[in-house]
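Student: after the sequence you'll find the predicted model.
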Amino acid sequence: MKSERSVGIDCLRAISIIWVLLYHFVPLQIFNRGTFGVLLFFIISGYCIAFSVETSQSAWHFYAKRLGRLLPALIVCGLLTTLFKNVMPDLVEPGRGVTWFDYVYTLISLPTLNVLRVDHHLPDGAYWSLQIEFQFYLFCFLMMALGLKQRLLALLCVVTIFRTLTTSTDFYTSNDFFPFFIAGMSVAALVRGRSREAIIGIAVAFSVELYHLNFNVKQPSVAIEMYRSLLLWSGTAAVYLAARYDHVLLRSLRAAAVPLAFIGVISYPLYLLHQDIGNMILHWAHIGRDYNSALFVRAVVLPGFLAAMAWLVFALVERPAIKPLTALLANPLAWVRRSQPSAAGSRYQAAAPSGDVARQEPVG
């Protein structure tokens, strides 16, 4: 476990998810930009994906790793959310109901960008960011499939600039979030010693975001404003410092860093579970957002309960399922051969390559 994760990056993940939780559950003005926590996630994702691309043996191996990383928790958390909503529909906010078809199709639509164009509802409103993530992953997959792996960051910059300049400022797209992925990938290049590539990438990311700001580009998911640009700049610096000085953070701030990093470890299932289930719990307890006497419940008790649920998902499903599922998706025939009784003695050795890859890259 220790060799697979960066304490600094996990601490930033924790800050991101805590930021989002406080935004959704604590009615204080200071937390009214909680969606910026998602933007920090995007920078972190860009950083981690850069390493995942480098260590992938093929385009499909890269995408198999992404599916293996995201699907286990998504399947379970989406199932829980859909179950709760159907068992207790009176607690669901208007317009946020979901059917079992919606749940099942979400597992298909997210990795395929809804190529079938089927109308459906996501199990939880927070899943909108997964739609953005998968668009980024598919871009990486396509560039790798075309043999352009070594030019991935440059191509992402070119495509982002082109789409930005050729899209109406009144027409919002996922491209509006790509500067955050570019910034994260640029930090990875900087850590790898590719300074020129990193500087160009960061310059493009910052310039595109300033273009968005200057021309009042519309983006309803996360409004484009000066604070968003500041988040891009400060988040990029934070990811660099977390990656570069990870060992210093662990040594000097161990008492604070280790518990915070634990929240980062369970941040993905916590993000998937928190919004609609959390609001259903508040509704069940008759706690409104303007009920100040319940501030402790909203800020501490409820997030703590959701974190416990997320830890169970991580410990029982996500952690044990990631590598086997990745191996299955990456090479189904080899996985079946390993599963035969005659190959039982060689299972661990056969699975070692995917484990070695995981230890060489930050967990995304």
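Tutor: Sure thing, it's come through. Numbers count the residues shown, from 1 in each chain.
Student: pLDDT weak spots in this structure?
Tutor: The chain contains residues with pLDDT under 70 at 1-4, 249-256, 289-293, 335-336, 339-364.
Student: can you pull out the strands in it?
Tutor: Applying DSSP state E to the chain gives no strands.
Student: how far away is the residue lying closest to Asp246 once chain neighbours are set aside from Phe41?
Tutor: Counting by CB to CB, 6 or more residues apart in numbering, Asp246 lies nearest to Gly8, which is 4.0 Å off, once chain neighbours are set aside. Backbone N, C-alpha and C define where each C-beta goes, glycine included. Distance, Gly8 to Phe41, by CB to CB, to the nearest Å: 15 Å.
Student: kindly report the same for Ala330.
Tutor: Counting by CB to CB, the separation of Ala330 from Phe41 is 25 Å.
Student: quick one: stretch 211-225 to chain centroid distance?
Tutor: The chain centroid and the centroid of stretch 211-225 are separated by 22 Å under CA atoms, centre = their mean, to the nearest Å.
Student: repeat that for stretch 267-274.
Tutor: Put simply, stretch 267-274 sits 10 Å off its chain's centre (CA atoms, centre = their mean).
Student: which residues are in contact with that stretch?
Tutor: Residues outside stretch 267-274 that contact it (CB atoms under 8 Å, 6 or more residues apart in numbering) are 10, 13-14, 16-17, 20-21, 24, 41, 70, 73-74, 76-78, 80-81, 124, 126-127, 129, 263, 303, 306-307, 309-310, 313-314, 318.
Student: so Arg96 is in contact with Tyr127, correct?
Tutor: No. Assessed by CB atoms under 8 Å, Arg96 is found out of contact with Tyr127, at 11.7 Å.
Student: quick one, which of the two is more surrounded?
Tutor: Neighbour totals were compared for Arg96 and Tyr127, and Tyr127 leads with 22 against 16 (other CB atoms under 10 Å).
Student: which ones are touching that one?
Tutor: Neighbour list for Tyr127: Thr106, Leu110, Leu272 [criterion: CB under 8 Å, 6+ apart].
Student: identify, from those, the entry nearest to Ser168.
Tutor: Nearest to Ser168 among the contacts of Tyr127 is Leu110, at 26.5 Å by CB to CB.
Student: how many neighbouring residues does the closest one have?
Tutor: So Leu110, with other CB under 10 Å, has 20 neighbours.
Student: for Ile182, same thing?
Tutor: Ile182, neighbours per other CB under 10 Å, totals 29.
Student: that one and Ala189, how far apart?
Tutor: Look at Ile182 and Ala189: by CB to CB, they are 10 Å apart.
Student: same check on Ala126?
Tutor: Following CB to CB, the distance that separates Ala126 from Ala189 is 30 Å.
Student: then Cys48?
Tutor: 13 Å.
Student: and what of Arg5?
Tutor: As judged by CB to CB, Arg5 and Ala189 stand 21 Å apart.
Student: tell me which of the two has more neighbours.
Tutor: The neighbour count for Arg5 versus Ala189, taken as other CB under 10 Å, is higher for Ala189 (21 against 18).
Student: where along the stretch 151-300 of the chain do the helices fall?
Tutor: Secondary structure of the stretch 151-300 of the chain (DSSP state H, counting those that start in this stretch): helices at 152-166, 178-191, 195-214, 226-244, 246-252, 254-265, 267-284, 295-296.
Student: which one of the ones you listed lies nearest to Phe134?
Tutor: Set against Phe134 and scored by CB to CB, those come closest in helix 178-191, at 12.0 Å.
Student: output that closest one as CSV, nothing but the C-alphas.
Tutor: Provided in CSV are the C-alpha atoms of helix 178-191 (Å, rounded to 0.1, in the frame of the first residue of the first chain):
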residue,chain,number,x,y,z
PHE,A,178,-9.3,20.6,-19.7
PRO,A,179,-6.9,23.4,-18.5
PHE,A,180,-7.0,21.7,-15.1
PHE,A,181,-6.0,18.3,-16.6
ILE,A,182,-3.3,20.0,-18.6
ALA,A,183,-1.9,21.7,-15.5
GLY,A,184,-1.8,18.3,-13.7
MET,A,185,0.0,16.6,-16.6
SER,A,186,2.4,19.5,-16.8
VAL,A,187,3.3,19.1,-13.1
ALA,A,188,4.0,15.4,-13.9
ALA,A,189,6.3,16.5,-16.8
LEU,A,190,8.1,18.9,-14.4
VAL,A,191,8.6,16.2,-11.8
